[in-house]
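*Asks:* Return a 3D structure for these sequence lines:
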Amino acid sequence: MERKERLKAIFEKIDVDKRAIIEPLLDDVIFLEERLSELRKLPTIRYDKKNPARQEVTPAGKQYKEYMQSYLNSLKVLQMTLSRAGETGESPLIKMLKQFEDDYV
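*Replies:* I've put the predicted structure just below:
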């Protein structure tokens, strides 16, 4: 099953109006997951050849940080939507996030 379809299945019990609002957010979450996965493969710290103790964050490292913040904020919105809809216990979204973490981290 495709990632978007799996996420949609998690939110199918949510009110139709709320689902219409969060569906575009699902596309953003998928985009961010893909970009984060790509950015993890790139170096995040650059070392000075003359002074190895001097380090600076690469543009990929900065972008990773920004995308991760956006990703986490999006997940918080999705999780709050689920919890307000009456989901209890470990939600399907949390299970999906653990699967993502296992696959890419």
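
*Asks:* Return the residues in contact with Ile45.
*Replies:* Neighbour list for Ile45: Gln55, Glu56, Val57, Thr58, Gly61 [criterion: C-beta atoms under 8 Å, 6 or more residues apart in numbering]. Backbone N, C-alpha and C define where each C-beta goes, glycine included.

*Asks:* repeat that for 7 Å
*Replies:* Going by C-beta atoms under 7 Å, 6 or more residues apart in numbering, Ile45 touches Gln55, Val57, Thr58, Gly61.

*Asks:* which of those are buried?
*Replies:* Neighbour-count burial (16 or more other C-beta atoms under 10 Å) applied to the contacts of Ile45 gives Gly61.

*Asks:* what does the strand or helix carrying Arg35 contact?
*Replies:* Taking DSSP states H and E as the definition, one finds Arg35 inside helix 16-39. Helix 16-39 has contacts (C-beta under 7 Å, 6+ apart) with 3-4, 7-8, 11, 60, 63-64, 67-68, 70-71, 74, 77-78, 81, 100, 104.

*Asks:* Which of the residues in the longest helix along the chain are classified as buried?
*Replies:* Longest helix of the chain, by residue count under DSSP state H: helix 59-84. By neighbour count on 16+ other C-beta under 10 Å, the buried set for helix 59-84 is Ala60, Gly61, Gln63, Tyr64, Tyr67, Ser70, Tyr71, Ser74, Leu75, Leu78, Thr81, Leu82.

*Asks:* ok, now stretch 94-105?
*Replies:* Neighbour-count burial for stretch 94-105, counted by 16+ other C-beta under 10 Å, picks out Met96, Leu97.

*Asks:* Tell me how far it lies from the chain's centre.
*Replies:* The chain centre lies 10 Å from the centre of stretch 94-105; the measure is C-alpha atoms, centre = their mean, to the nearest Å.

*Asks:* so what's the spatially most central residue of the chain scoring on pLDDT?
*Replies:* The geometric centre of the chain, computed from its C-alpha atoms, lies nearest to Tyr71 (C-alpha atoms, centre = their mean), at 3.9 Å. Looking at Tyr71, its pLDDT stands at 95.
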